[in-house]
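Asker: Build me a model from this:
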Amino acid sequence: MAGMMKGAAGGFGLTPHKVSMCILLQIYAPPAQISVPFPFSSVSQHNRLALFLLALTKSSEDILEPKLDELIPQLREIGGLLNHWLCDHLTRRLSSLSSPDDLFNFFSDLRGILGGPDSNVVDDDQIILDPNSNLGMFLRRCLLAFNLLSFEGVCHLLTNIGIYCKEALPSSPRYESLHLDDSSNDLEGLLEYENMDLENFVFEKVTEEIEERKRASERVPFHNHAPKALTGLVEDFEDSADPKLKHRYKPSEVSPFAHSPNDKLKVAEPSGGVSLRTNFQIQGYLLEQSDAIEKNGSSFPLNAFESILRQIQKLAPELHRVHFLRYLNSLYHDDYPAALENLHRYFDYSAGTEGFDHVPPSSSGCNSFGRYEIALLCLGMMHFHFGHPREALEVLTEAVRVSQQHSDDTCLAYTLAAICNLLSEVGISGISGILGTSYSAVTRVGTSLSIQQQLFVLLRRSLKRAESLKLKRLVASNHVAMAKFDLTHVQRPLLSFGPKASMKLRTCPINVCKELRLSSHLISDFGSENSPMIIDGAFSTAWLKNFHKPMGSLVFSQDTGSGRKSDAFHFCAQPSSIPASVLQSVGSSYLVRSTAWGIYGSAPLARINALVYATCFADSSSLADAALAYTKLVQHLAVFKGYKEAFAAFTIAEEKFLSISKSRILLLKLQLLHERALHCGHLKLAQQLCDELGVLASSVNGVDMELKTEGSLRHARTLLAANQFSQAAAVAHSLFCMCYKFNMQVENAMILLLLAEIHKRSGNAVLGIPYALASLSFCQSFNLDLLKASATLTLAELWLSLGSKHAKRALTLIHCAFPMILGHGGLELRARAFIAEAKCYLSNPSFSVFEDSQVVLDPLTQAAEELQYLEYHELAAEAFYLMAIIFDKLGQLEQREEAATSFKKHMIALENPQDQEDPLFGMC
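Answerer: Numbers count the residues shown, from 1 in each chain. As a prediction, this is how the structure comes out:
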C-alpha cells in the first residue's frame, strides 16, 4: 500500500551543502573551457564527477543534508588521483566566502556555466550545462533561491557556511576564533543522516535549539502555515521523549538503509543550528518508512516507531497519513485490534482523500461521501493478511459494488486485482454465490462457473480495465497474475453447450513466457531521465543509499570485510531513480520465472532466475520475497550438491532473515532436515519434523494450502519409509481428494506418483501401474517434464518388479527418460535411474556380465558416488550390494570385499541412526 502514497510539494531553501554542490558544478563545467577541463586528465575522470553530482542533486531534497565531513569522504571515494585536489579546492572555496559580496560574485559566476538560447552555436567540445537537464535545473533553482534571499537571509547563509566549515575544518585559522555557545556545540542532532530517522531527535534540547535558530540561522519552518502553534507544541513535547528512541534496534542483515558497522558517517553530528522540517519532507519521510515497513515486515521495530508517529501526530495533527503508518506498523506485527483501530481512524479523519494516487471519478457526488470504496479495499486486504479469506472476499465484493456506484474505475481495477490475488493464493470452495451477488460481470457469464473459471474471467477483466485506465504498475501485476494462472491451469471453454473446436487440454508455456515478458516492459518506462516519475522527499534518497554498499559479492558470501574494491567508482552503476514499487513488480516476474522453470523441469534456468532476483532486486523487495529466492537457491544446492553445501548456505540465509516471523526459511529448514532424516533412516526425527510442519500449517493464522499439502505429503512419505503402507496410502488418498477439490493439479500429479511408489514398495506392482499412468497423464497436461521423467522411471520400476520378462520394456522406458534425468535431474533421481538401468540389464536373461560388465558397473559406481553426497543409506546399500554380486561373478574378490564392506557400513548406519553424532541434526 505504501507505493500508493504520495508526498506534497514543498519549498527549496539554499543551504551550505547546496553551495558546496554549486562549487563542484563549477569544477565540472568551468566557463570558457573545452574538451576535458582542468584538472581532469581523462574523460573517465570527468564523467565520474558528473555521475556523483547527479546522485547529489537527486538527493538534494533529503530530509537531512550531509555535512562537509560527510561529503569529503565521498569525494575521496570517486576522485581517484584527484581526490586531494577536489577536497582542497572545495574547502578553500568555501572558506573564501566571507562576505555577502563574495556570495553575490560567486552566484554571478555560476550563471556562466549554464547554456543560453545561443548555446547551439558554441564549439562541440565545450562543456555547458543544459538548463533543462537535472544538473541545470538544480543550478537554476539555486540561483533563483539566492535571488529571493533578503540581505538578512544572505548573512544567515554566511553564518551557516561558517558553522558548516567549522565542524569539518576546526584547525583552519579563519575558524579558530569562531566560538559557539554550549547549546549549539552540544547539538547531538535533530536527525542522524543515516536512514533519515526522526527518532534521533534530542527532544530535551528542542526549546534551546529554537532559540538558537532565531539568533543564528535561517531555517524552513516545519509547517509553513503554522510555525507558532508548533513551537508551542514543542514545549509539551519535551518531557515525553523516550531516551530509548536514540538507539532503535535495526538488524543490519535486513535493513536496506543500514551502513556498515565501521562507517564513521553514522556517528557524526549535524551542522550547527536547528532545522525544523517542511510538510513536504515529513511526508517524504513517512513514505520512506512505509516502504521500510512493507519490506522488513515484522522485523521493523514496533514500539520505537510507534512513539515517533505519536510525536509527529501531536506536532502535526493534520497529517492523517500518520494513522495509516500506524495501521501498517500494526498490520505487519500481527496486531489485529490495533491495525483495525488505526485503519478506522485514518478513514474517519481523512475519508480516504489523502495518501493515495487517485484518478477523479466521473461522478461528482462521490466526493461528498469520501472514498468509502478505498476503506473497503484496505479492510479486505487486512482480512486477507490475517488469514480471513471469506471475510476478505465479502468486503472486497462490497468494495466492487461501491466502486461501481461511485464510478471509481481506479479503485475498481485495484479491487478486482485484489480479488484475483485472493482466489489464486487461498483455496476457497463454494464461493461462486458470493461473487455472483456483488459483481455483475461474473453474473453475466454464469454463476455455474468453477472458481478457476471465475478467476480467469476476473483476471482478464482486471487486466483490460487496468490497460484502459493506463495504470502501468497494475497492468504489470496483472500480467504476472495471468502467468501464474496459465502456469497451473488448463484453459477450458467457458460455455458448456454449442459446437466446440478440438483443443488440447494442456497448459501453454508460451503464454506464461509472453505474460512475464509483458510484465517486465514496465521498467522501460522508468529507464531514462526524461521518463515521468513521482518526485518526493524520500524518492531521492535511493541515489546515495548504495554508496557504501559492496558490489559484485556472492549471494551467499560470508565476507563482511570493508576492503575497498579496485574500481572505487563502481557504485555509479547502483543508484537508480526507478521507484521501489516498479522494481518489486519486475522482481516478482523473475520469481515467477524461477518457479515456472522449476515446474517445467529446467533446473539451470530456475536457478539463474532466482540468482538474478537475489542479486538485482533483493534490496528493493520485501524480505518475504527475498527469503523465497534464497530458499530456491538452497533447495537447488540440496538437490544437486548435497546437504553439506546446502546447510552451509542455509546458515547464511538464516542469519540474514533471522528476525522475520512466519518466514519460508523456517519451512526450508524443516524440509531439509526431514529429507535428510529419511535418507539417513532416522524415522523418529522425521516424524517429529512432520509434526512441526503440521503446527506451521495450523489454521490459527489462516489456512495455507501449500503448507498444509507439504505437511501431509511428507507425513505419507515418513509412513512409507517406516513400511506402514496402508496408513501411508490412506494419508495420500485423503490428500489427493483435498487437492482435487481445490484444483491443485500439480500437487495431484505428485500424490499419484507417491501412491504408485507406495504400491511398488508394498509388492503390489499391478495396483501401482494405474497410478503411475495417471501421474504421467497429469504431467503431460501441465508440461511437468522433470516430474514426467520421474513418473516414467517409477513406471519402469513397476514393470521390472513384475518379472524378468518385462525387463526390456522397463529398459526402454528408462532410456526414454534418460535425457531429461541426466540433463536436469538431481542426485537422487539420477542415482535411481542408474540403479534401475543396471537391474534391468541384470534381470535380462540374454545379458551376460562376462561379455560387457562395464555396462552395469559404470552406472552403479556413478550412483554410489552421488548417493554419498545425499547420505541416502538405503539406495547406496542397494548399489553396493549389486556391485558386490557382479564382482563376485567376475571373480574380482578384492573389489567384491570393498563393495561388501561399503554395503555393511550403509546398512549399519541405516539400522542405527541414533548412534551417529551429527552436528547437523542439532539444528532442529
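
Asker: Domain-wise, how is this structure divided?
Answerer: Using the TED database, the domains assigned to the chain come out as 16-115+127-168, 811-923.

Asker: Out of those, name the one with the poorest average pLDDT.
Answerer: If you rank these by mean pLDDT, domain 16-115+127-168 sits at the bottom with a mean of 81.

Asker: sorry, back to before: nearest approach to residue 625 belongs to which of the domains of the chain?
Answerer: Closest to residue 625 of the domains of the chain is domain 811-923 (C-beta to C-beta; 24.4 Å). Backbone N, C-alpha and C define where each C-beta goes, glycine included.

Asker: Whichever strand or helix holds residue 344 packs against which elements?
Answerer: Per DSSP states H and E, residue 344 falls inside helix 336-350. Under the contact definition 3 or more C-beta pairs under 8 Å, 6 or more residues apart in numbering; DSSP states H and E, helix 336-350 sits against helix 321-331, helix 372-385.

Asker: gap between residue 600 and residue 912?
Answerer: 41 Å (C-beta to C-beta, to the nearest Å).

Asker: Name the residue in those two with the higher neighbour count.
Answerer: residue 600 (20 against 11; other C-beta atoms under 10 Å).

Asker: and the domains of the chain as a markdown table, adding distance to residue 284?
Answerer: Shown next, in a markdown table, are the domains of the chain (distance: least, C-beta to C-beta, whole Å):
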| stretch | distance to residue 284 |
| --- | --- |
| domain 16-115+127-168 | 6 |
| domain 811-923 | 43 |
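
Asker: after the helix or strand of the chain with the lowest mean pLDDT, next one along is what?
Answerer: Each helix and strand of the chain was given a mean pLDDT (mean pLDDT, DSSP states H and E); the minimum falls on helix 227-237 at a mean of 35. Moving toward the C-terminus from helix 227-237, the next helix or strand (DSSP H and E) is helix 279-296.

Asker: Using CSV, write out every CA atom in the host helix or strand of residue 793.
Answerer: According to DSSP H and E, residue 793 maps onto helix 785-801. Only the C-alpha atoms of helix 785-801 are listed here, as CSV (Å, rounded to 0.1, in the frame of the first residue of the first chain):
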residue,chain,number,x,y,z
ASP,A,785,8.7,-32.5,-17.8
LEU,A,786,11.0,-33.5,-14.9
LEU,A,787,8.2,-35.0,-12.9
LYS,A,788,7.1,-36.8,-16.1
ALA,A,789,10.6,-38.3,-16.3
SER,A,790,10.4,-39.4,-12.6
ALA,A,791,7.0,-40.9,-13.3
THR,A,792,8.4,-42.8,-16.3
LEU,A,793,11.2,-44.1,-14.1
THR,A,794,8.7,-45.3,-11.5
LEU,A,795,6.6,-47.0,-14.2
ALA,A,796,9.8,-48.8,-15.4
GLU,A,797,10.5,-50.0,-11.9
LEU,A,798,6.9,-51.3,-11.6
TRP,A,799,7.2,-53.2,-14.8
LEU,A,800,10.5,-54.6,-13.7
SER,A,801,9.1,-55.8,-10.4
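
Asker: Can you give the contact residues for the helix or strand that that helix is followed by?
Answerer: From helix 785-801 onward toward the C-terminus, using DSSP H and E, the following helix or strand is helix 807-824. Contact with helix 807-824 is made by 601-604, 785-786, 788-790, 792-793, 795-797, 799-800, 829-830, 833, 836-837, 840-841, 843-844, as judged by C-beta atoms under 8 Å, 6 or more residues apart in numbering.

Asker: what about burial for the residues you listed, which qualify?
Answerer: 601-603, 785-786, 788-790, 792-793, 795-797, 799-800, 829-830, 833, 836-837, 840-841, 843 (16 or more other C-beta atoms under 10 Å).
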